[in-house]
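# Would you be able to build a 3D model of this:
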Amino acid sequence: MYNREAAVRYADEWWNKRNPAYPSFDVDCTSFISQCLHAGGAPMHGYPNRGRGWWQQGGTWSFSWSVAHAMRWYLGSSKKGLTARQVGSAEELDLGDVICYDFQGDGRFDHTTIVTAKDGEMPLVNAHTYDAYHRTWDYKDSYAWREGAKYIFFKINDHFS
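Numbering: from 1, shown residues only. From the prediction side, this is the model:
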């Protein structure tokens with residue numbers, strides 16, 4: 001069972017520092033979200049195939065663990081372990097859910113965040129690479145944001161298969 005509160009606690013504790021128990025990346029937004037999901041009880045699977053599943057173990061990791069575009073496709077298609085379903089708006093998300101960002105609108109997803117709070121219906125997110133704590137989800141004030149930005153909203157399934 002996905003423990004949303006534990007995922008958010010982890011995100012709030014580690015939002016501006018790096019956990020030495022995990023591999024370190026210069027661009028680490030997706031690895032940070034993976035750590036949050038794992039702290040919430042999401043099970044890893046697929047080791048040692050880097051192109052399958054979602055995992056990190058023994059100093060290596062799946063692409064979906066650490067690459068925003070790979071996580072977007074993993075969450076959109078996984079039927080085992082960590083699974084999610086896509087919803088149509090940010091307002092449908094709950095704490096512990098995930099947003100994937102394609103800032104250029106070119107089909108290549110380049111950022112990942114986790115919902116850690118709400119301001120009314122507006123999700124607030126935590127993230128790494130450029131550390132963020134309870135930031136508005138749309139990133140419209142970011143240098144990375146472009147007019148054609150696209151978002152995918154994933155509700156993490158509460159039960160794992």
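
# end to end, how far does stretch 98-116 reach?
10 Å (CA to CA, to the nearest Å).

# actually stretch 133-142, sorry about that
Stretch 133-142: ends 14 Å apart by CA to CA.

# next one: stretch 10-21
13 Å.

# what residues does it touch?
Outside stretch 10-21, the residues that touch it by CB atoms under 8 Å, 6 or more residues apart in numbering are 24, 28, 32, 35-36, 39-40, 114, 116, 126-128, 131-133. Quick note: C-beta positions are derived from backbone N, CA and C, even for glycine.

# Which residues are in contact with the residue nearest the centre of the chain?
For the chain, Ile33 is the residue whose C-alpha lies nearest the centre (CA atoms, centre = their mean; 3.9 Å). In this structure, Ile33 makes contact with 71, 98, 112-114, 127, judged by CB under 8 Å, 6+ apart.

# Filter these down to the buried ones, ChimeraX style.
Buried members of these, defined by 16 or more other CB atoms under 10 Å, are picked up in ChimeraX with:
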select :71,98,112,113,114,127
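
# re earlier: am I right that the residue nearest to the centre of the chain is in a strand?
No - under DSSP: H, G, I helix; E, B strand; the rest coil, Ile33 sits outside any strand and is assigned helix.

# now it: how far from Asp110?
Separation of Ile33 from Asp110 (CB to CB, to the nearest Å) stands at 13 Å.

# How about Phe103?
6 Å.

# Show me the common contact partners of the two, please.
With CB under 8 Å, 6+ apart as the test, Phe103 and Asp110 both reach Ala144.

# For this structure, which segments are assigned as helices?
4-14, 29-39, 63-66, 68-77 (DSSP state H).

# For Lys140, find the nearest of those.
The closest of these to Lys140 is helix 29-39. By CB to CB, the value is 17.3 Å.
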